[in-house]
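>>> predicted coordinates and the sequence they were generated for:
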Amino acid sequence: MSDMWKLISNYLNAWNGFKAALCTQWAFRVEMIVFFLSIPGAIILGNSATEYAMLISSIVIILMVELLNSAVETVIDRISLDYHELSGIAKDLASAATLFACLNALFIWAMILFARLA
């Protein structure tokens, strides 16, 4: 039974992280709105299950990377609120990962839209 409790505990920790992101991270809330708006958009734009999956998962990837970005920023702020060059670089790198996730989603949506219009 202890393995089952570990599994439940892990999901509770994940749920707590999700709630914390919703409560404290403005960008994550905006991206959640984009996610929910993208579902009908994916259904309208996509022509197959593969396209639906690509469109929706591209937005889910943004959410995942944003959570990791927020985790990096939180840990750095926990260590020290004083400015340090390496802390700034770490935060910028995590933000760059979010940017690339957004560009990836934009590329996927544009390619499927282009194929639909062509």
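Noted; the coordinates are in hand. Just so you know, these numbers come straight off a predicted model, no measurement behind them. Numbers count the residues shown, from 1 in each chain.

>>> remind me what the strand or helix carrying L103 packs against, helices and strands.
Per DSSP states H and E, L103 falls inside helix 85-117. Applying 3 or more C-beta pairs under 8 Å, 6 or more residues apart in numbering; DSSP states H and E, we find helix 85-117 packed against helix 26-45, helix 49-79. (C-beta placed from N, C-alpha, C; glycine too.)

>>> and the longest one, how far out from the chain middle?
When you say that, I think you mean helix 49-79. Taking C-alpha atoms, centre = their mean, to the nearest Å, one finds the center of helix 49-79 at 2 Å from the center of the full chain.

>>> residues in contact with the most centrally placed residue in the chain?
For the chain, the residue nearest the mean C-alpha position is L63 (1.2 Å; C-alpha atoms, centre = their mean). L63 makes contact with 28, 31-32, 35, according to C-beta atoms under 8 Å, 6 or more residues apart in numbering.

>>> what sits up against the helix or strand of the chain with the lowest mean pLDDT?
Sorted by mean pLDDT, DSSP states H and E, the helices and strands of the chain end with helix 2-24, the least confident at a mean of 94. Residues from elsewhere that reach helix 2-24 (C-beta under 8 Å, 6+ apart): 28-29, 32, 66-67, 70.

>>> apply 7 Å and report the result again.
Residues from elsewhere that reach helix 2-24 (C-beta atoms under 7 Å, 6 or more residues apart in numbering): 28-29, 67, 70.

>>> what is the nearest of those to W109?
F28 (19.8 Å; C-beta to C-beta).

>>> that closest one contacts L68, doesn't it?
No. Applying C-beta atoms under 7 Å as the test, F28 and L68 come out as separate, 11.1 Å apart.

>>> which one of those two has more residues nearby?
F28 (20 against 13; other C-beta atoms under 10 Å).

>>> which parts of stretch 74-90 are buried?
Across stretch 74-90, burial judged by 16 or more other C-beta atoms under 10 Å covers 76, 87.

>>> quick one: the contacts of helix 2-24 as CSV, columns for distance to I112 and pLDDT too.
Converted to CSV, the contacts of helix 2-24 look like this (distance: C-beta to C-beta, whole Å; pLDDT from 0 to 100):
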residue, distance to I112, pLDDT
F28, 25, 97
R29, 26, 97
L67, 25, 98
S70, 29, 97
